[in-house]
Structures are given as C-alpha cells and as structure tokens.
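A.B. asks: Sharing a model that was predicted from the sequence below.
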Amino acid sequence: MHPCLRLEEILQEIFRDADYMSLTVLARTCRSFYEPAINVIYSDLPGLEPLIKRLPQDLWSVNSGALVIWGPLRPQDWEVFAGYSRRVRSLRLRWFASDAQLYRALSSPPDPSFLLPNLRTFTWHCLSTRSAGLDVMTAFMRLLLGHNPVEAQLIVSEHALAAFSDLGCTSLRKLVIQNPKVPISADVTGEAICNHSDLRSLACGEVSIRALHHLSQFPSLSRLTIGLGEDFPSALTFPRSPFHKLRYLTINSKSIGPCLSMLKATNWSIRCFHHRMDAGYDPAGREALLALLPLQLSHESLKCISLHTNAAPHEDDDPVTNPLSLKPLFSFNNLLILELSGAILPGLDNNGLQQLATAWPQLRVLILQQKAGLYRFPHVDLTGLVLLLEHCPDLQQLAISVNAIIDTKVPPAHPISSISNTLITSINFCNSPITKTAEVAAFLSAIVPNLRETPSWTGEVTCLGGAAQEYRKRWDSVAELVRVFAEVRKQEREACMHALKREVVRK
C-alpha cells in the first residue's frame, strides 16, 4: 500500500466523498481503513438511532416504529456508546413525546465526555407547543451544549425557543432560528440571541429594537439575516460604530418602510445586500430604495445586490418601473452580482442593457426575472445579448427575458465579432417569446457555445393567448440544437485549420 494511504488525514479526505455502502466495505477492508471510515460514517448523524443500535441488542428495541431503551445503561454499555459518539461532529434531532424515555436514559453518563464530546453542529426540530416531556429533552440538550458546539439550527416553536434560551449556551458562532408555520415573536427571538455575543452569522425572523441594538455591537458578526416588523420605527439610531464587521446583510419585510429606516440608521461597509418584500407591491418604494442604496452603502466594498418582491400587482398597477431606475446603482463600480426578481422590474431595451453592462464590466451574475403579474413584452432582443456579453466577459449566470421572435424577412445577422462566452452553460430565458428555434439556436451557438440548458416560463406570469407552454417547448429545443450547432462550428474550425496547415506545408 502506498505510504500516503497510511495517513489518516488523507484517508478521511478521500472517504468523505464515498457513500455509506462504500464506507462499510472500506471499514472491513483493512485495519488502516477502519478508523477513518468509521469516523466518516458517524461524523454526521440524522439522529441518535445509529448510536443506540451499537449497544447490546437486549438493551433496546423498536416498538411501533419508536426506538426504546429498556433499562439504564451499564458502565460497559457507556463505553461502547462513547466509542462511537466521540466521532460525531454533526447531529440532527427531532422532538417526539414518545422519545422522552430515550433521552432520560442518555442523560446520566458516567462522565460528560461519553456523550458526543466533539459535537460542533446541532440541528433541533421541535414545533411542539406543549411542555409535556420537553424538560427531559432540554436536560439532555444541556449536556450536549456543554461541549461548546459552534453551529446550531433551530426549527422550533416559540415555546421551544424559550426553553433553548434557558440553557445558557454561549459558544455558538452560527445560529439559525426559523419556524415554517407560525412566526416567532420578536421579543422571544431577542431573548434567544442576546447572550450569543460571539456570533459570526445569524439568521432569524423578526427582532426587537433592543435585540437589534445588541446585535449592532457584536464584535464578530459578519452575516445577518433578519425580519423587520411593520411597527419598526421610521427614525432609528444605533450606538457608536454599529455592525463594524458586518459584510452580508439580508432584510425581510412586508413593506419597504422598515428596510429604508434600517439603512438610514448608519453607513454600511457591506459586501452583499439582499432585501425581500413579501406583501406590499410598491414600485415607488422600490424606486426609493434604489436611490437610497448608493447613499448608505459603500461603493467600493459592495459586490452583490439582490432585491425580490413577492406580491403581484393589482389590475390598475404598473408592474414596470422607470427604465432609468437602475442608474443610481451604477456608482457601485465593483458589482459582481445583480438579482432583481418578482413583480417589480426595470424596463430595459438594448440600449439600457448596454448601459448596465458598461457600468458593471465585472458582472458575473445577472438575474432580471419577472415572477408575477401580467405579461410584459420584452424589449431586449438577441442583439442585446451580444452587447451584454461584449461588455461583461466574465458573466457566468444569466436570467433575462428577450424577444426571440424572428422576422422571416429580416432575420438577425449572426454576430461577426469575436464575442464567445464559454463560461455560460445555462440561461434562464424567463418569459421570452420565440418563433424559429433553429435560427435562434444558430445565433446562440456563436456567442454561448457551451449553452446546455434554456429553462423558461417557470413563474406565475400570465401570458395572453396561453402560448407559454409552446414557448417553453421551443426553448427546450433550442438547448438541444445549440449543442449540435456548436459542435458543427468546432468541426468547421478544425477542418479550416487543418487545410491551412496543409497549404502552408505545401508552400
């Protein structure tokens, strides 16, 4: 065996990509492979069941689908349990009242080091609103948290989050708090996060002003995702030097007002800004946000802007903002990612798209996707794509609606420039109309020869005439044809080069 394969660190890197069955085979292959393979198998567990099933079979059983431990663990049982639990780095637990006896049996180890001493990442799923048996699990969790895990994801009810707050864990560096069913009150969320002053990353729902003031002084906080309620004050002030380490900010709100108040409270030296507005359809508010961003965000450090609106317009609303609304953002010269999605989008034509590309030559991701509202005919055509790729040579991801209806009398001229982006393998053509698939595919094969996927019409935009399904089929055909045309072009170039070399040799 090669000497490198005797190093456990190298083996664990190799085994990390193996599936479970392969790891079990590797563990039985030789002694050198056993420990690294077992470490990987038990490093990330979906629950305690794999550990309990390593105990003697007379100690546990499965009763009506639930795992049951029949008696207290003996010292030799704890030794077996510890031999595997020390390998666990990540654990996910779901609360079921029927598991209370199981957690009670595991809450009295001879030594705390017997119970997952190397746990670093912890996920707790508990949407229960009742206290029955929950104290048993929190007692068990207190032992786990005593080993200072650094990451926690809590998918919990308000009642369970309050119980977690009482555990006094202060070692966390990353914390996610969410409830997919019922929002957790801002005060309860605030109590859960205020003691974690060493956090580097936090994602949660609505927070109170008191909690926000605490967060602004966290010395290491670099990523923040929060919700802002409708009662958020219009005039907000922070203590001195707030959020001085923050680099990624995501704000979720029902309307634009709380987001504007948050941004006005201080100047932000962040790298990425995301805002999601869930309820209010407010083009004027979105326009105000676009005008505010260059006033409050650092022009040098900002690399990413992502704005999403989830509400559809009413019949008397205009879902398209002024085409010039993106101009305030042109001052962010180093922008790499721009994502505007939802019902509020700028109206762009070829000239507007060229201005955008000229302002952000380093752009790598551009997403302009209407996901709701009445269909708006795109004014960017295939020529506009050439202008975009010409000024943004590093573009890797693109979502945009284009007019791909081919005029049979004046078909689009194939690009004569040397523009050929080989980085793009997929373009989301959103709500793009299209007629002649072969002509469109031939055009695209010249500028994006590695294009393999062309998804379209995946949102909830209402298309007059019910043509969306037919357009989607045509764009699927384009993806297949681009591959063929690109291969033909490659063969033509190789044939020409071969002929040229033969001519040179002949002379």
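C.D. replies: Cool, the structure landed.
A.B. asks: rest of the way, CA atoms for contacts and neighbours
C.D. replies: Noted.
A.B. asks: Could you check how far the nearest residue to residue 95 once chain neighbours are set aside is from residue 101?
C.D. replies: Leaving out its chain neighbours, the residue that sits closest to residue 95 by CA to CA, 6 or more residues apart in numbering is residue 126, at 5.1 Å. From residue 126 across to residue 101, the span is 17 Å (CA to CA, to the nearest Å).
A.B. asks: In terms of neighbours, single out the busier of these two.
C.D. replies: Between residue 126 and residue 101, residue 126 has the larger neighbour count (other CA atoms under 10 Å), namely 20 against 17.
A.B. asks: didn't the more buried one look like it was pressed against residue 153?
C.D. replies: No: counting by CA atoms under 8 Å, residue 153 is not a contact partner of residue 126; they are 11.0 Å apart.
A.B. asks: Now do the strands in the stretch 251-400 of the chain.
C.D. replies: 272-277, 304-309, 320-321, 337-342, 345-346, 365-370, 397-399 (DSSP state E, counting those that start in this stretch).
A.B. asks: could you point out which element follows the last one?
C.D. replies: Proceeding C-terminally, strand 397-399 gives way to strand 427-428 as the next helix or strand, assigned by DSSP states H and E.
A.B. asks: which element is residue 205 on?
C.D. replies: Going by DSSP H and E, residue 205 is in strand 201-206.
A.B. asks: Quick one: name whatever helix or strand follows that strand.
C.D. replies: From strand 201-206, the next helix or strand downstream (DSSP H and E) is helix 209-216.
A.B. asks: ok now that next one, how far from the chain's centre?
C.D. replies: Offset of helix 209-216 from its chain centre (CA atoms, centre = their mean, to the nearest Å): 25 Å.
A.B. asks: On the three-state scheme, residue 139 is what?
C.D. replies: Each residue gets one of three states, and residue 139 gets helix by DSSP: H, G, I helix; E, B strand; the rest coil.
A.B. asks: Quick one: residues contacting it.
C.D. replies: residue 107 (CA atoms under 8 Å, 6 or more residues apart in numbering).
A.B. asks: same thing but at 10 Å, please
C.D. replies: Residue 139 makes contacts with 103, 104, 107, 108, 167, as judged by CA atoms under 10 Å, 6 or more residues apart in numbering.
A.B. asks: Out of those, which comes closest to residue 160?
C.D. replies: If you rank the contacts of residue 139 by distance to residue 160 using CA to CA, residue 167 comes first, at 11.2 Å.
A.B. asks: Would you mind listing the residues in contact with the residue lying closest to the closest one once chain neighbours are set aside?
C.D. replies: Closest residue to residue 167 apart from its sequence neighbours, by CA to CA, 6+ apart: residue 142 at 6.0 Å. Residue 142 makes contact with 107, 164, 166, 167, 168, 169, according to CA under 10 Å, 6+ apart.
A.B. asks: What separation do you get for the nearest residue to the fifth one once chain neighbours are set aside and residue 218?
C.D. replies: Which is residue 168. Distances taken as CA to CA, 6+ apart put residue 195 closest to residue 168, at 7.9 Å, once the chain neighbours are dropped. When distance is defined by CA to CA, residue 195 is 10 Å away from residue 218.
A.B. asks: To which secondary structure element type does the residue nearest to residue 468 when sequence neighbours are not counted belong?
C.D. replies: Distances taken as CA to CA, 6+ apart place residue 457 nearest to residue 468, at 6.3 Å, with adjacent residues excluded. Here residue 457 is recorded as coil under three-state DSSP.
A.B. asks: how about residue 457, what does it touch?
C.D. replies: 370-371, 401, 428-433, 463, 467-473, 475.
A.B. asks: pLDDT wise, what is it at?
C.D. replies: In this model, residue 457 is scored at 88, pLDDT.
A.B. asks: same deal with the one 3 residues further on?
C.D. replies: With respect to pLDDT, residue 460 has a value of 72.
A.B. asks: again with the one 4 residues further on
C.D. replies: Reported pLDDT at residue 464 in the predicted model: 62.
A.B. asks: gap between residue 143 and residue 109?
C.D. replies: Applying CA to CA to residue 143 and residue 109 gives a distance of 10 Å.
A.B. asks: my read: residue 339 touches residue 363, true?
C.D. replies: No: counting by CA atoms under 10 Å, residue 339 does not reach residue 363; the two are 11.1 Å apart.
A.B. asks: Among those two, which residue is more densely surrounded?
C.D. replies: Neighbours per residue, other CA under 10 Å: of residue 339 and residue 363, the larger number sits with residue 363, 27 against 17.
A.B. asks: which residue packs closest to that one, ignoring adjacent ones?
C.D. replies: residue 336 (4.2 Å).
A.B. asks: Without its sequence neighbours, what residue ends up closest to residue 60?
C.D. replies: Residue 60's closest residue in space is residue 69 (CA to CA, 6+ apart), at 4.4 Å.
A.B. asks: residues touching that neighbour, list them.
C.D. replies: 52, 55, 57-62, 99, 101-106.
A.B. asks: Which of the residues you listed lies at the shortest distance from residue 179?
C.D. replies: For the contacts of residue 69, the nearest to residue 179 is residue 99 (21.6 Å; CA to CA).
A.B. asks: Just the pLDDT for that closest one.
C.D. replies: 82.
A.B. asks: What of residue 41?
C.D. replies: With respect to pLDDT, residue 41 has a value of 87.
A.B. asks: Quickly find the element holding it.
C.D. replies: Judged by DSSP H and E, residue 41 forms part of helix 31-43.
A.B. asks: Mind giving me the packing neighbours of that helix?
C.D. replies: Applying 3 or more CA pairs under 10 Å, 6 or more residues apart in numbering; DSSP states H and E, one finds that helix 31-43 contacts helix 8-15, helix 20-27, helix 49-52, helix 75-85, strand 90-94.
A.B. asks: who are the neighbours in contact with residue 150?
C.D. replies: So residue 150 contacts 119-122, 169-175, 198-200 (CA under 10 Å, 6+ apart).
A.B. asks: Return a selection command, for use in ChimeraX, containing the buried ones of those.
C.D. replies: Those of these that count as buried under 16 or more other CA atoms under 10 Å are selected in ChimeraX with:
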select :119,120,121,122,169,170,171,172,173,174,175,198,199,200
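A.B. asks: what would the contacts of residue 150 look like in a markdown table with distance to residue 185?
C.D. replies: Shown next, in a markdown table, are the contacts of residue 150 (distance: CA to CA, whole Å):
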| residue | distance to residue 185 |
| --- | --- |
| 119 | 29 |
| 120 | 28 |
| 121 | 25 |
| 122 | 23 |
| 169 | 21 |
| 170 | 22 |
| 171 | 24 |
| 172 | 22 |
| 173 | 23 |
| 174 | 21 |
| 175 | 17 |
| 198 | 23 |
| 199 | 21 |
| 200 | 23 |
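A.B. asks: Looking at the contacts of residue 150, spot the one nearest residue 255.
C.D. replies: residue 175 (25.5 Å).
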